[in-house]
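Peer 1: I'll drop the sequence and a predicted model, then ask my questions.
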Amino acid sequence: MMKTIDLRSDTVTLPTPTMREAICRAELGDDVFGEDPTTNRLEKLAAECMGKEAAMLVASGTMGNLACLLTHCRRGEEVILGDQSHTFLYEAGGMSALGGIHAHTVRNQPDGTMRLEDIEAAIRGSDVHFPRTRLICLENTHNRCNGSALTPEYTDAVAALARKRGVRVHLDGARIFNAAVALGVDAKELVRNADSVSFCLSKGLSAPVGSVICGSSEFIAEARRTRKVLGGGMRQSGVIAAPGITALEQMVARLAEDHANARRLAERIAHIRGLSADPERTQTNIVYFELAGKRVTAEKLVTQLGKRGIKLLRVGPGLLRAVTHYGISADDIDSTLAALREVMETR
Ligand code: TLP
């Protein structure tokens, strides 16, 4: 049987054998009563990992960001966020659909940052004509910006500006551990001045379901109410929390392997005629690459690779994405490169 090499996303990872065992053994209770011991243990561990007072398990990254935004902002208030951010592009406009929150976008630089002067210019003054700016959102790693990692110093600088202007900071850290591993810092350092952070268990860390939001005890207490409103209060959620604990305890250090595979893929794609990639900007596990000429379309490339058991994501005209993760080996990268060469060289 042909092996499938699925590079569409790190969300396709399957739970490890240890995770499956943890699910079977998990001690359970009703989490809406605060009585699921495994969920409580995950939340304590997650808060410690992020250096925050408290944490709460949610169903997904989208729910984590939405619960945080709805907790920070009232209707008619404004959030400043990158024009390439996941929350702006890919979360179905939840903040406006459910919270009446006004999105104010600022241009993302290729490294995933927004210029401090652009953020400052976007923060509203006090005037009855304007919505009130309540929150700035950052994303680390930045999905659409090549999976780039924001440094602790950058996040601190945004937070200092926010504090000066009475605005809060939320960080979408869906892949925060990829950033920590790439920069060689503790994840805590990356979020030390953010008021809230959400991170995913179900992406590079391979857990089957779940994300966690972290912040002050007061913020998380309020966010529990928001999660209930969203229908996200779960009962024996220990079945989700148990593999989440395994993810945090066992799956962080190995992310370096995914980064090495991504780098290798980008470096070699850059040498295939008709394709262009930027290995210098491939810091973590996400590789974007472009079709240089018109001879092969992105659709055709995806179809042809699909026939060889390799799955990629087309994210725009002539733009493709490959994400490395648990289950993708260096050999899989070589097979992918061989298939790419074959398709690009066949007329
Ligand atoms: N990203 C997914 C897709 O939605 C594009 C992916 O395959 O990359 N923040 C960031 C930065 C994300 O990349 C994602 C998922 C989310 C939030 C949302 O997480 P989920 O899918 O758990 O709701």
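Peer 2: Structure received. Numbering: from 1, shown residues only.
Peer 1: For the rest of this, base every contact and every neighbour count on C-alpha atoms.
Peer 2: OK.
Peer 1: All the helices of the stretch 1-150 of the chain, in order from the start?
Peer 2: For the stretch 1-150 of the chain, the helices defined by DSSP state H, counting those that start in this stretch cover 17-25, 37-50, 61-72, 86-90, 94-99, 116-122.
Peer 1: Mind listing what's buried along the fifth one?
Peer 2: In other words, helix 94-99. Neighbour-count burial for helix 94-99 flags Gly94, Met95, Ser96, Gly99 (criterion: 16 or more other Cα atoms under 10 Å).
Peer 1: Give me the distance from it to the chain's centre.
Peer 2: 20 Å (Cα atoms, centre = their mean, to the nearest Å).
Peer 1: go on, the first one?
Peer 2: Distance of helix 17-25 from its chain centroid, counting by Cα atoms, centre = their mean, is 24 Å.
Peer 1: Which residues does it contact?
Peer 2: Helix 17-25 has contacts (Cα atoms under 8 Å, 6 or more residues apart in numbering) with Ala207, Gly238, Val239, Ile240, Ala242, Pro243, Thr246, Ala247.
Peer 1: What pLDDT is listed against Arg347?
Peer 2: With respect to pLDDT, Arg347 has a value of 59.
Peer 1: Now do the helix or strand harbouring Glu249, average pLDDT.
Peer 2: Assigned by DSSP states H and E, Glu249 belongs to helix 238-250. Across helix 238-250, pLDDT averages out at 98.
Peer 1: Repeat that for stretch 28-38.
Peer 2: 97.
Peer 1: what does that stretch rub up against?
Peer 2: With contact meaning Cα under 8 Å, 6+ apart, stretch 28-38 is reached by 26-27, 39-40, 233-239, 241-242.
Peer 1: Give me the buried subset of those residues.
Peer 2: Ala26, Thr39, Asn40, Gly233, Met234, Arg235, Gln236, Ser237, Gly238, Val239, Ala241, Ala242.
Peer 1: Near the ligand, which residues of this structure? Just list them.
Peer 2: Ser9, Thr11, Ser60, Gly61, Thr62, His86, Tyr90, Asn143, Asp172, Ala174 (Cα under 6 Å from any ligand atom).
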